[in-house]
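[1] Quick one: sequence and predicted model below, then my questions.
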Protein chains: 2
Amino acid sequence: MITLYQQHDSGNCYKVRLVLTHLDRPFRTVAVSSFDGSTRRPEFLAKNPIGKVPTVQLGDGRFLAESNAILLYFGEGTALFPDDAYDRAKAYEWLFFEQYSHEPAIAVRRALSVYPERQATPERMAHLLEAGNRALAVMERRLGDTDWLAGHAFSLADISLYAYTHMAADGGYDLGRFPGISRWLMRIAATPRHLAIEAAAPAAG
Amino acid sequence: MITLYQQHDSGNCYKVRLVLTHLDRPFRTVAVSSFDGSTRRPEFLAKNPIGKVPTVQLGDGRFLAESNAILLYFGEGTALFPDDAYDRAKAYEWLFFEQYSHEPAIAVRRALSVYPERQATPERMAHLLEAGNRALAVMERRLGDTDWLAGHAFSLADISLYAYTHMAADGGYDLGRFPGISRWLMRIAATPRHLAIEAAAPAAG
């Protein structure tokens, strides 16, 4: 049985629930959080010395971290990852784009907006808005005339970018400016096996 | 023939020269730079709409961006990428760690230190020093008693992290505090086919 150590409303953790659900892999979840200090306790640091979620424990007891690395581990060799080497490279591109250019703006501005204990200067919020809109414009360029981010089918790249993009309005981003992204979000929500972020994991806990 | 659009002293571009050299893949380089505005010109934006280097043009004319995605494209199925699925996942972990936790601190502090036209507040420099030292401590935990970052052999993970780690002193990081990292840097510099960052690409330009 796979165990996902997670904070339920984290987009990075949601990605892992999505990929496991799409692949029909049973898993259980264990709640840990940077808010209550549980990611800093010795028993969690023994599982992941960086003290970050998501952290996954595989059936054999070994651990994995980094949301997109976890996606690749489970998704390699499945219909969620392209067969073609160039399409696969484009999926990798999107996964690194997500961690370098998208998440540090869009997820961070959402956290600063929805968790009142976090604080930021108006200058920082303005900078994050601009950086996030730049990332959304990059996605729009692709999604304006194409259904999926990498290759010709729904893939790990779509799962990874969906997580924080679908919550971008919480961080003050106006998705109405990005019609291609808006259609893509609806396309993903309509996939078979789709799981909403607020839903409990489908497998027994 | 592979064409690498690059800024020669960028660690992200150096990674691509390293992987192509290790794999004995001939390539030519074309200099572009954010400093002279050439990454913002229409002829470059037609190749990579994000306007970033490295950008690679493959023999069939198609383009790839994101340094670690380029590494994976060329390295998949070679001795530079583990056969074992779990070891491969650990390599992915390191590649995402590099882009999320390492490069944004260590590469950025180096750029702010060596390019006098870049400016940062003392608070930002202090924050980057702390974040970079945290990233180096994560690497040291692994390299204190293991030769390579992922699995049991030199891999894409080592190439990716080598690029900016070996220049960290330029950014004010004290590698003397990290003996495992220091030994690993020497181990990589001693690999057959290793190419120093200042060296010209080995293939005809």
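    Nice, I can see it.
[2] List the residues that contact residue A:32.
    When contacts are counted by Cβ atoms under 8 Å, 6 or more residues apart in numbering or on different chains, residue A:32 touches A:5-7, A:38-39, A:44, A:53, A:55. In this view, the C-beta of every residue, glycine as well, is placed from N, C-alpha and C.
[3] let's go with 10 Å and repeat that
    A:5-7, A:13, A:38-41, A:43-44, A:47-48, A:51-55 (Cβ atoms under 10 Å, 6 or more residues apart in numbering or on different chains).
[4] Show the buried residues in these.
    Those of the contacts of residue A:32 that meet the buried threshold are A:5-7, A:13, A:38-39, A:44, A:47-48, A:51-55, by 16 or more other Cβ atoms under 10 Å in any protein chain shown.
[5] Averaging pLDDT per element, find the lowest-scoring helix or strand in chain A.
    Ranked by mean pLDDT, DSSP states H and E, the weakest helix or strand in chain A is helix A:42-45, scoring a mean of 91.
[6] which other residues reach it?
    So helix A:42-45 is contacted by A:5, A:30, A:32, A:37-39, A:51-53, A:55 (Cβ under 10 Å, 6+ apart).
[7] Which of those residues fall within strands?
    Those of the contacts of helix A:42-45 mapping onto strands are A:5, A:30, A:55, per DSSP state E.
[8] Check the average confidence over the host helix or strand of residue A:180, would you?
    Residue A:180 is part of helix A:179-189 when elements are defined by DSSP states H and E. Mean pLDDT, helix A:179-189: 98.
[9] Can you give the contact residues for it?
    With Cβ under 10 Å, 6+ apart as the test, helix A:179-189 has contacts from A:18, A:136-137, A:139-149, A:154, A:158-159, A:161-162, A:165-166, A:168, A:173, A:175-176, A:178, A:194-196.
[10] Strands of chain A, residue ranges please.
    A:2-6, A:27-31, A:55-57, A:63-65.
[11] Identify whichever of the ones you listed lies nearest to chain B.
    For the strands of chain A, the distance to chain B is smallest for strand A:63-65, at 5.4 Å, taking Cβ to the nearest Cβ.
[12] Could you list the residues in contact with that closest one?
    Contacts to strand A:63-65, defined as Cβ under 10 Å, 6+ apart, come from residues A:2-3, A:5, A:16, A:46-58, A:70, A:72-74, B:86, B:89-90, B:92-93, B:96-97.
[13] picking up where we left off before, from the contacts of helix A:179-189, which ones fall inside helices?
    If you go by DSSP state H, these have A:18, A:136-137, A:139-143, A:158-159, A:161-162, A:165 in helices.
[14] and of those, the nearest to chain B?
    Nearest to chain B among those: residue A:141, at 5.9 Å, using Cβ to the nearest Cβ.
[15] how close does the closest residue to that closest one other than its chain neighbours get to residue B:132?
    Computed as Cβ to Cβ, 6 or more residues apart in numbering or on different chains, the closest residue to residue A:141 that is not its neighbour in sequence is residue B:49, at 5.9 Å. According to Cβ to Cβ, to the nearest Å, residue B:49 and residue B:132 sit 30 Å apart.
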